[in-house]
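[1] build the 3D model from these lines:
(chains A and B)
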Amino acid sequence: VSDRTVDQTNPAMTLKVPVSGDETTVSADLLADRAGFLRNRARILGADVAGVQHEVADFHRSTIGPAIRAKAVEVAKRPLADLLQELADLGFSWRAIAELCEVSVPALRKWRIGTSEPARTNRQRLAELVAVSELLTADHLIDDVAAWLEMPLDANSVVTAFDLLRQHRDDCVVELAGAHRAPADVLDEVDPEWRSRRIQFEVVEGPDGEHLIRPTSDAGTQ
Amino acid sequence: VVEVRFPAESVDAEMTVPRRREVRDRLGEDWVINDARVAEVVADFTMGPPIREVPATRFMARDRMTSVTLKAGAVIVETTAYPGFSAFSTILSAAFAATQDTVGPDAVTRVGLRYIDEIVVPGMSGQPFSEWRAWLAEPLLPPNPAELEDLGLAHGPWNGFANYAIDPERGLNLRWSHNPGSVVAGDGPLRRPKPPTTSPLFVLDFDSSWTPTDFPPFSSDELVQECETLHRPMHGLFESLITERLREEVFFMRGAQ
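    Numbering: from 1, shown residues only, chains lettered A, B, ... in the order given. I've put the predicted structure just below:
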């Protein structure tokens, strides 16, 4: 361990730790539970750059959920019609909003025209969605939230951030937006089997220099 | 794992189709070419995550237990079925020569040789920590005060780190960790000879490296020799960290590990 130190500053805590000597890189997918292995290490040693960053990330993560909820409480005070209109203005379809609020499209229409009121839990969910969307646009400068949510998290996966919202993993969505976590890491947490379901085809450059579609090499050598 | 780093900007890192073929042919007929993304530790990690993934080309042996990965700035040779150092150095030699002739790095900035050993002793699941005393040398065990129970303490997982100097340019980092299961994945591109386990095991992570102070040329023969230099203290160190009983009862029973 070298005697250099690094300041890890964060609004609520500062870590001053020695930087470990450079490490021989193992390819991303050889070590299972890479994060856990490093994190354990850091907790005891406080000596591993990557590990320490994971600790900070953990801390950051533990603040995201409460931050979303606190914002949602504020958002919930606004009129219902404003919340729905805000999501629509951000590019959400009525079908998508209904799905995320776990109600039918006709039920959502009744909210819009004022012939019925959402149940407390549905209204809470709506406020959370507006809160997350506002965090994405204001803090993470994502212009087109609806389109951003529809992009696959990883080239090898069909899972999108929209799917994470559907699973109430708002915290993961905000982490991804802030690049605090790698998409593969989030996928491992929310869908441990995603690698086995990954897209079976890839576009490659053929011998003649033209692009062609073929089964992924992994699938080919199974 | 062997990783040789070189200045990324000094080479034309683009792996064109003919270049990929040439590397593959140098490694052997039965190697396949894959696109890959590999982890890279970001030196300045104050913005964003400390580990990012970068594109790479991975050449995989047909048994999927050995791979050679080329990315901008490094060539990484990994195997999960370690055949012993002399057989391994044959693969190293082919990988280094192919890198030298295709990518043509003009210097070496770091060479690292890393072994991640998982020590699995049958029947250790649910056993108290003190049982590890039979298998591991004393320095790898956690402090165990006599009044442990009086203090209301029970042992949880433990780990540790030691740094040894080989010479001014070379060092060896040793990490050890009591882990609740395998750390080497079996579901990545590389297969494991044996499936990963979820029973408690002990991990020994040896990482020796050479960081030259000048800019030695990238030469296949000299790199293989350098790996031998880095390998030399490791075997003895490993032997000093395990007990005779582990060697005889566990390793011997499974065949030479």
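[2] same question for the host helix or strand of residue B:101: list its buried residues.
    Using DSSP states H and E, residue B:101 sits in helix B:85-102. By neighbour count on 16 or more other Cβ atoms under 10 Å in any protein chain shown, the buried set for helix B:85-102 is B:88-89, B:91-92, B:94-100, B:102. Yep, even glycine has a C-beta here, placed from its N, CA and C like the rest.
[3] so what touches that helix?
    B:2, B:4, B:19, B:22-23, B:26-28, B:66, B:68, B:70, B:75, B:77, B:79, B:82, B:105, B:218-221, B:223-224, B:227-228, B:231 (Cβ atoms under 8 Å, 6 or more residues apart in numbering or on different chains).
[4] now stretch A:183-194
    With contact meaning Cβ under 8 Å, 6+ apart, stretch A:183-194 is reached by A:28, A:35, A:153-154, A:157, A:159, A:164, A:167, A:169, A:172, A:175-176, B:53.
[5] could you rerun that using 7 Å?
    A:35, A:153-154, A:157, A:159, A:164, A:167, A:169, A:172, A:175-176 (Cβ atoms under 7 Å, 6 or more residues apart in numbering or on different chains).
[6] likewise stretch B:131-148?
    With Cβ under 7 Å, 6+ apart as the criterion, stretch B:131-148 contacts B:119, B:121, B:124, B:151, B:155, B:158, B:176, B:202, B:240-243, B:245-246.
[7] if we use 6 Å, what do you get?
    Defining contact as Cβ atoms under 6 Å, 6 or more residues apart in numbering or on different chains, one finds that stretch B:131-148 is touched by B:121, B:158, B:176, B:241, B:243, B:245-246.
[8] ok so, going back, could you turn the buried ones of the contacts of helix B:85-102 into a PyMOL selection?
    Remark: buried members of the contacts of helix B:85-102, expressed as a PyMOL selection using 16+ other Cβ under 10 Å:
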select buried, chain B and resi 2+4+19+23+26+27+66+68+70+75+77+79+105+218+220+223+224+227+231
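[9] show me the contacts of helix B:85-102 that map onto helices.
    B:19, B:22-23, B:26-27, B:220-221, B:223-224, B:227-228, B:231 (DSSP state H).
[10] in the chain, which spans are helices?
    You didn't pick a chain, so chain A it is. With DSSP H, the ranges of helices along chain A come out as A:34-45, A:49-75, A:80-89, A:94-101, A:105-113, A:120-138, A:145-150, A:161-166, A:170-177, A:183-190, A:217-221.
[11] other chain: chain B
    B:17-27, B:85-102, B:220-241, B:244-245, B:252-254.
[12] show me the shaky parts of the chain.
    All of this is about chain A. Filtered on pLDDT under 70, chain A yields the residue ranges A:1-22, A:27-63, A:198-201, A:215-222.
[13] that's the wrong chain, I wanted chain B
    Across chain B (using pLDDT under 70), the flagged ranges come out as B:9-14, B:39-52, B:187, B:252-257.
[14] tell me where it has strands.
    B:2-5, B:31-41, B:51-61, B:66-71, B:74-79, B:110-119, B:159-167, B:170-179, B:201-210 (DSSP state E).
[15] now do the fifth one and strand B:110-119, the angle between them.
    Taking axes from the mean of the first three to the mean of the last three Cα atoms, to 10 degrees, one finds strand B:74-79 and strand B:110-119 inclined to each other by 20 degrees.
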